[in-house]
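Q: here is my input; please provide its structure:
(chains A, B, C and D)
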Protein chains: 2
Amino acid sequence: MSGGVEWGLHCCVVLSGSGEPVPAAKLAEFHDVSPSYLAKQLQLLSRAGLVRSTQGQSGGYGLTRPPAEITVLDVVEAIDGSRPAFRCTEVRRRGPLAAPPEKCLTPCSIARVMDAADRAWRESLRAVTIADLAGEVGRTSGPETLARARAWLQT
Amino acid sequence: MSGGVEWGLHCCVVLSGSGEPVPAAKLAEFHDVSPSYLAKQLQLLSRAGLVRSTQGQSGGYGLTRPPAEITVLDVVEAIDGSRPAFRCTEVRRRGPLAAPPEKCLTPCSIARVMDAADRAWRESLRAVTIADLAGEVGRTSGPETLARARAWLQT
DNA sequence: GCTATTGTACTCGGATACTCCATGTCCGAGTGCGCACGG
DNA sequence: CCGTGCGCACTCGGACATGGAGTATCCGAGTACAATAGC
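A: A predicted model of the protein is given here:
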């Protein structure tokens, strides 16, 4: 999985509840990561419609939806793509004993197992929202943590 | 995910129930894939202890355990490695508002979510065995399919 | 004092190099089988 | 006819090239704000 997913999730968490747009450079400095590369991840989030960008002075990024309506899966798919990790190459239809096409109406059993696992993974990620993550941060690191982060981002 | 996982699974299925060892070259010809590259995947399976290799004439690969005791997850981890796809880089401990170490006793909430999804994925793969896959092949492509494949591999 | 205009500084967006891992390949080490030879 | 030794062909195992995707970066297009000039 792309390492940018982690950055994108952290950005969405700190953006949750931030009324004012936050520039990408600020987010990069706050997380101490490469500004140029983080910009690319934010562009991916923008293309997916998760964040909205406003240009010009006092511009930046902001969430388009309430944090409770953005799932972790949304962010992962926006940055890493929505294609499943496993792609069946139809091995059964190759080689000297290739299966005839009329017997390949159903997907390969291996592909079915992989697809089921992929669905389980996605369901697990779909069950958690950005709001859940923000709440968890407040519970483990103290309720004032997020507020201070947002205040710092406004400066 | 590595494409070799698919090859490894197909090999394990056709090896299930095959008493005689099967050379890697035969497996490659049967599946119509690169012999050299398939050899590498089989070496990974051998290192993981899923298959046993015998050298010399009439040598080859064979399963070390009954097919019902080899899970799909075993094969996936043998080839792709057992490390989780997501690795937390502890972003919360960086930047101007870095969290102090005493507040980082529990893992990052993002890492926890990713870890839970990873476990769900692995559990799903662990629930299916090579024997299940072989049975499914017999059900969808006809019971004689696997027997003919094994017979061809013996030639 | 209010408004239109112009300039500027700041923002994002896409096009551009670089690096590392997955892919693909090759040849050498090791071993079991078969044959020839001797008893 | 049987046992033993040798040679060989076949097997795996690890070391060696290649390509593409992820990583990281830069500069240009566009826009909102603010200062300024005119009314």
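
Q: and chain B, is the longest helix along chain A touching that?
A: When every helix of chain A is counted residue by residue (DSSP state H), the longest turns out to be helix A:109-126. Yes: applying C-beta under 8 Å from any C-beta of the partner chain, one finds that helix A:109-126 is in contact with chain B at A:109-110, A:112-114, A:116-118, A:120-125. Yep, even glycine has a C-beta here, placed from its N, CA and C like the rest.

Q: packing partners of that helix?
A: Helix A:109-126 makes packing contacts with helix A:72-80, helix B:4-15, helix B:109-126, helix B:130-141 when contacts are defined by 3 or more C-beta pairs under 8 Å, 6 or more residues apart in numbering or on different chains; DSSP states H and E.

Q: just the C-alpha atoms of the third one, please, in PDB.
A: Same thing as helix B:109-126. The C-alpha coordinates for helix B:109-126 follow below in PDB (Å, rounded to 0.1, in the frame of the first residue of the first chain):
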ATOM      1  CA  SER B 109      -5.700   5.000  15.900                       C
ATOM      2  CA  ILE B 110      -5.100   4.900  12.100                       C
ATOM      3  CA  ALA B 111      -2.700   2.000  12.600                       C
ATOM      4  CA  ARG B 112      -5.300   0.200  14.700                       C
ATOM      5  CA  VAL B 113      -8.000   0.500  11.900                       C
ATOM      6  CA  MET B 114      -5.600  -0.700   9.300                       C
ATOM      7  CA  ASP B 115      -4.400  -3.500  11.500                       C
ATOM      8  CA  ALA B 116      -8.000  -4.600  12.100                       C
ATOM      9  CA  ALA B 117      -8.700  -4.600   8.300                       C
ATOM     10  CA  ASP B 118      -5.600  -6.600   7.700                       C
ATOM     11  CA  ARG B 119      -6.600  -9.200  10.300                       C
ATOM     12  CA  ALA B 120     -10.000  -9.500   8.600                       C
ATOM     13  CA  TRP B 121      -8.400 -10.000   5.300                       C
ATOM     14  CA  ARG B 122      -6.100 -12.700   6.700                       C
ATOM     15  CA  GLU B 123      -8.900 -14.400   8.600                       C
ATOM     16  CA  SER B 124     -10.800 -14.700   5.400                       C
ATOM     17  CA  LEU B 125      -7.900 -16.300   3.600                       C
ATOM     18  CA  ARG B 126      -7.100 -18.500   6.500                       C
END
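
Q: just the buried positions in that helix, please.
A: Taking 16 or more other C-beta atoms under 10 Å in any protein chain shown as the neighbour-count basis, helix B:109-126 is seen to contain the buried residues B:109-115, B:117-118, B:120-122, B:124-126.

Q: mean confidence score for that helix?
A: Looking at helix B:109-126 alone, the average pLDDT works out to 97.

Q: so it, near DNA strand D or not?
A: No: Helix B:109-126 stays out of contact with DNA strand D when judged by C-beta under 7 Å from any atom of the strand, the minimum separation being 14.3 Å.

Q: what's the distance between that helix and the middle of its chain?
A: Taking the mean C-alpha point of helix B:109-126 and that of its whole chain, the gap between them comes to 17 Å (C-alpha atoms, centre = their mean, to the nearest Å).

Q: residues touching it, excluding its own?
A: The list of residues contacting helix B:109-126 from outside it, by C-beta atoms under 8 Å, 6 or more residues apart in numbering or on different chains, reads A:6, A:9-10, A:13, A:72, A:113-114, A:116-118, A:120-125, A:128, A:133, A:136-137, A:140, B:71-73, B:76, B:84-86, B:88, B:107.

Q: tilt between that helix and helix A:109-126?
A: For helix B:109-126 and helix A:109-126, the angle between their directions (axes from the mean of the first three to the mean of the last three C-alpha atoms, to 10 degrees) works out to 160 degrees.

Q: same check, this time on the shortest one
A: Orientation of helix A:72-80 against helix A:109-126 (the same axes, to 10 degrees) gives an angle of 110 degrees.
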